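J.: Below is the structure, and that's it, no one-letter string:
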């Protein structure tokens, strides 16, 4: 591949060099190389274009979306709102399977745990953080850094109506304060059946060619009325042509392109294999659970879909990290950056910290990180127990996930009246406990403490059947009661959470002081070295904050055969077997003769995207929505570590199939009218 | 660790050097270094001792055992006869859970799929193979080699009453013909409950200290009467002292200590992670299936136990291959062996063949190797379909697993009247098909052929409920009917096997010609280089053939704390939680007050063992059985790749607990009388 050849030829300039080939880069809006993009694509984007796109793009709690109407309609993926559909469902009715259409605005249903954030302002606070931590040792610097971030967020929220969140870019090379307008009243307007939204299911996931109507429409509300966003992008239902320039604005979740070789090896040798082991077993249990009866299948579907997606991602990430050529390139990059080091070696410091991490990682994973404590109920309990203790501390001394700025979102989730299925809770809790006993050993103090009188299955059953935490009112009471309520609670799930808390906190402390603190200092040093040699011609790793990249419509060549950039509706019908996940929903079969079988269905682009970008708009140079990004091809998964210009492709829903479906299959006339209204 | 230090200091002599430290080595009986062993242990073993031990040790189909009486009693592990116990069980009665005791010889029950082999003669055929393949290209040499091995086995069986099997040692450095006396009438005399045999279950597996009565007693029969073996070893119920020399005679299944670095990396990067992914999911399904009701738990137990054991093994093997120091040592070994190469580089040839393998490995695994076709029924079908075609060919042209010498064992398994549980068959078949569709993709021809009209679950259900292959008479009829019967069979499982056979055979052919052939030639060359530099001071990798090693009783130091070499009965009771797998069976609780709580239970030695050694005797210098090997500690799993002298320990049942249990708990008086009879 071109990129590696280039790397081998000129190791020092490899990163710069590679970008000459690639439509690569998850650029921030404050660091977007406008001239370079316009030059590469022969476009004339300007700052106004950037501002409009930025304020029309929204961040959901798990995905990206776009304002596509003046009355707050948001276009995103079905798989981004599957959680909401599942929360609105019950044992007997699945909106995931059946889809949902609000014929009027009054029928729109609230997504209780969803939020919509619009990035309004961005402030560079690198200098403030540097000043606060200057001269401090690793541990003190780590604590001060976090306290300062909390304090800056707090001051920002006090002085504005915005949601203020700090962002760490370049692994600590820059700190920013991002300020969002947040909508907490988010309702669902439309979702097709999962049978067509995820046609092909897990077998087709990360594949292309593809036929998925992976779309959903939300509406943001403010003060009980449809929101009036500052900006929205118009749908262009004709869609793009092959070769057209397209831009993706969105929130890529996480990449590891700037990690050190040692960190990548740790992922390859420890993190990924262990995660895959754990979740493959859970997958097996959930599949078998689903086979027991249709109700089980319904209540486990959302969880299982998410796990299967994550398994595929991590499986291919592991494959990527087993490519010797990739690691050799990383080694060459590092060698080039290390040239001329005068004192200290931050790469060695990272290695030393990883050795500390290895000593605690099994215990940390199972206890503090909660691999042993799976399910909604036990996590409610852990949040309540920890939250009560944390809230007694001054804001800047708390764990970062319990600062004042974070509390409203925690309360939103605790108070949401979402279904809790005891069978599923029991399964997940028992599974986690059982496997924790295997990994920590039956003689580990935490294991002995909770499993010396009951087996995992018995304990899970007792806890799930006797806790009252499935009731939002009970959770609210405990949250509001604080430490006093938690300390005297006789709820058995709260008791479990109390039992494990001391060991969990001790591990967290060891991790923060022994691993996080030195790694962060080392990473800041590495970032400085990189800036000194390469400037900001390198984009930062993804952090689930707003990014923009450019690319073109087009597929790739697989084993010598060119892949077509567009798929068509006809083939979806031809490929159907009648059995899930290759079954076309009845709603489509019924109107089959009326459909234009030549309608473009999905399309491929060379956009540089990753999980979190789901629901992102494909935007034309004119600023119109010409596609709805929902996946990448199988080669895109290595994008966690590098961008493969030749084969890494993004996959989007074509606007034409959205129109065809909403018009001819679902009769979503009011929504279509809104989507096609003149500005 | 001592061994690595040594390797770093003197790379060329590393292998010799390392053996100076270690009681390491899985020596053949024809290559056992008697003088070295006697020198190290101050013993006076001689050829007669070796012959007696060899002919008293037996190979089961899956394990090792020892003749311990003149009337054919065989001591082995509970987990080695768990399959037999499961085959004798039904939905309503589990001999695995409940144990079994034949109070008289008439009550002994036949294990239908078990065999007992005693190694009677060994013939070096390296020269014959070399002569047959000389001057041939890779592909022709590979075919000729296999044909010659078949022919030599055939001639041997024709001229003797022995079972003749060729053995490839040193990855092709030596070829031997091993000649066994085979007993096919094997009956079960005693097994304790799994609750005490596998006390601690999977959490305690590969752990030490330990408390397992992992024993079982079989009896070989000949002509309907108890066999009179040429030799047997006497039990010494007092057991050994710490520091005593002990010998392990047995059949270690497989090690990879002589593989090339490239082969080890392939295991690390591809084989092990993919296997673990597959089986962790199956584990999850089986656990969930078992949770559904007690019958399911019973019928899945044997399978699940085996899978959990294999998962732990492979998980720790993967960890071992992620130790950079191990791979560096391998690289140094290879560099030393490669020094002075004049023409060609067999290590590069191995790498080239592995690249070919990588191109087909996913398809090979799922189709030919059967990852996609799990369960007894589908495997009966595949055996019947392939067996019919193979038997039409001359003996030397068949796949090696269908030669005349192999057929009796195939027929024994096909004709065995063992329970087939449809629920379990459906689960396994559906799981395999579903995952095959994910890995091969829905558009792979084999997937389209079998899954275009039904989903995996539907297809599995239809096949399992309509096939007649669960009836041994039906299988016998199809086997005896040969190709004609197979070709006209309307059994749907046979039809499936026929459907996949062409693709499976094509993959097999590609593998044999493109991978197996060049790798074998390369390995023969490497073996010659190794012999030239190191002689036969190196033992061959394990091949599930008879080996002997020496060691001493003793444990190790874990994190600075010495581990005691013996455990005691009292602690088993103290550790019980009342819930499986930490529940002491009622039979023990009932007689608790009569038991000597100070009885030694398990013990540790530094013997070099691996799976397949299960059931091996620990033998004193006097030639008495002083322990029953059943496991290794967690560090023993890296023994697949190297022997860690400091921490790798074997774990055995102490004879004193065997006596205590058989006498006071089970009242197995007749058996005890036989075990304690004078010669």
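T.: Noted; the coordinates are in hand. Please read these numbers as outputs of a predicted model, since none were measured by experiment.
J.: Please enumerate the helices of the stretch 51-200 of chain A.
T.: A:78-88, A:95-98, A:126-133, A:138-159, A:194-197 (DSSP state H, counting those that start in this stretch).
J.: how close does residue A:568 sit to residue A:599?
T.: 7 Å (C-beta to C-beta, to the nearest Å). (C-beta placed from N, C-alpha, C; glycine too.)
J.: actually residue A:567, sorry about that
T.: Residue A:567 is 10 Å from residue A:599, by C-beta to C-beta.
J.: Which of these two has more residues huddled nearby?
T.: The neighbour comparison of residue A:567 against residue A:599 (other C-beta atoms under 10 Å in any protein chain shown) goes to residue A:567, with 24 against 21.
J.: Could you look up the SS state of residue A:450?
T.: helix (DSSP: H, G, I helix; E, B strand; the rest coil).
J.: which phi and psi does the residue of chain A found nearest chain B have?
T.: For chain A and chain B, the shortest gap (C-beta to the nearest C-beta) falls at residue A:284, measuring 2.6 Å. Phi and psi for residue A:284, reported as degrees, to the nearest 10, are phi -60, psi -40.
J.: How about it: what's its closest non-neighbour residue?
T.: residue B:284 (2.6 Å; C-beta to C-beta, 6 or more residues apart in numbering or on different chains).
J.: Touching, that neighbour and residue A:285? I think so.
T.: Yes: contact criterion C-beta atoms under 8 Å: residue B:284 and residue A:285 qualify, at 4.0 Å.
J.: any shared contact partners between the two?
T.: Residues within reach of residue B:284 and of residue A:285 at once, by C-beta atoms under 8 Å, 6 or more residues apart in numbering or on different chains, are residue A:431.
J.: For the host helix or strand of residue A:279, what does the pLDDT average out to?
T.: Using DSSP states H and E, residue A:279 sits in helix A:272-292. Summarised as a single mean, pLDDT over helix A:272-292 is 97.
J.: Just the buried residues of that helix, please?
T.: Buried residues in helix A:272-292, counted by 16 or more other C-beta atoms under 10 Å in any protein chain shown: A:272-291.
J.: Repeat that for stretch A:639-656.
T.: Neighbour-count burial for stretch A:639-656 flags A:639-645, A:647-656 (criterion: 16+ other C-beta under 10 Å).
J.: ok, now stretch A:435-445?
T.: Buried positions in stretch A:435-445, judged by neighbour count with 16+ other C-beta under 10 Å: A:435, A:436, A:437, A:438, A:439, A:440, A:442, A:444.
J.: How about residues contacting that stretch?
T.: A:278, A:281, A:362-363, A:366-367, A:371-372, A:446-448, A:451, A:456, A:503, B:200, B:202-204, B:207, B:575, B:582.
J.: For burial, what's the neighbour tally of the closest residue to residue A:28 other than its chain neighbours?
T.: Take residue A:28 and drop its neighbours on the chain: the residue closest to it by C-beta to C-beta, 6+ apart is residue A:547, 6.2 Å away. Neighbour count for residue A:547, taken as other C-beta under 10 Å: 29.
J.: just to revisit the earlier point, thought the residue of chain A closest to chain B was touching residue B:282?
T.: Yes: between residue A:284 and residue B:282 a contact is recorded at 6.1 Å, counting by C-beta under 8 Å.
J.: Need the residues touching each of the two.
T.: Here residue A:284 and residue B:282 share the contacting residues residue B:431, scored by C-beta under 8 Å, 6+ apart.
J.: Among the contacts of stretch A:435-445, the buried ones, what's the ChimeraX command?
T.: Applying 16+ other C-beta under 10 Å to the contacts of stretch A:435-445, the buried members can be selected in ChimeraX as follows:
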select /A:278,281,362,363,366,367,371,372,446,447,448,451,456,503 /B:200,202,203,204,207,575,582
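J.: can you list the residues of the stretch 351-500 of chain A near chain B?
T.: Applying C-beta under 8 Å from any C-beta of the partner chain, one finds that the stretch 351-500 of chain A approaches chain B through A:427, A:430-431, A:434, A:437-438, A:441-442, A:451-455, A:457-458.
J.: what sits against the closest residue to residue A:30 other than its chain neighbours?
T.: Distances taken as C-beta to C-beta, 6+ apart put residue A:122 closest to residue A:30, at 5.2 Å, once the chain neighbours are dropped. Residue A:122 is in contact with A:28, A:29, A:30, A:176, A:177, A:178, A:179, counting by C-beta under 8 Å, 6+ apart.
J.: Residue A:122 bridge partners, please.
T.: Beta-bridge pairing of residue A:122 under DSSP bridges involves residue A:178.
J.: per-residue confidence for it?
T.: Looking at residue A:122, the pLDDT reads 98.
J.: Could you measure from it over to residue A:54?
T.: The gap separating residue A:122 from residue A:54 is 9 Å, by C-beta to C-beta.
J.: Repeat that for residue A:84.
T.: Shown here: residue A:84 relative to residue A:54, a distance of 25 Å by C-beta to C-beta.
J.: Tell me how many other residues surround the closest residue to residue A:102 other than its chain neighbours.
T.: Nearest residue to residue A:102, sequence neighbours excluded (C-beta to C-beta, 6+ apart): residue A:108, at 4.3 Å. Residues near residue A:108, counting by other C-beta under 10 Å, number 21.
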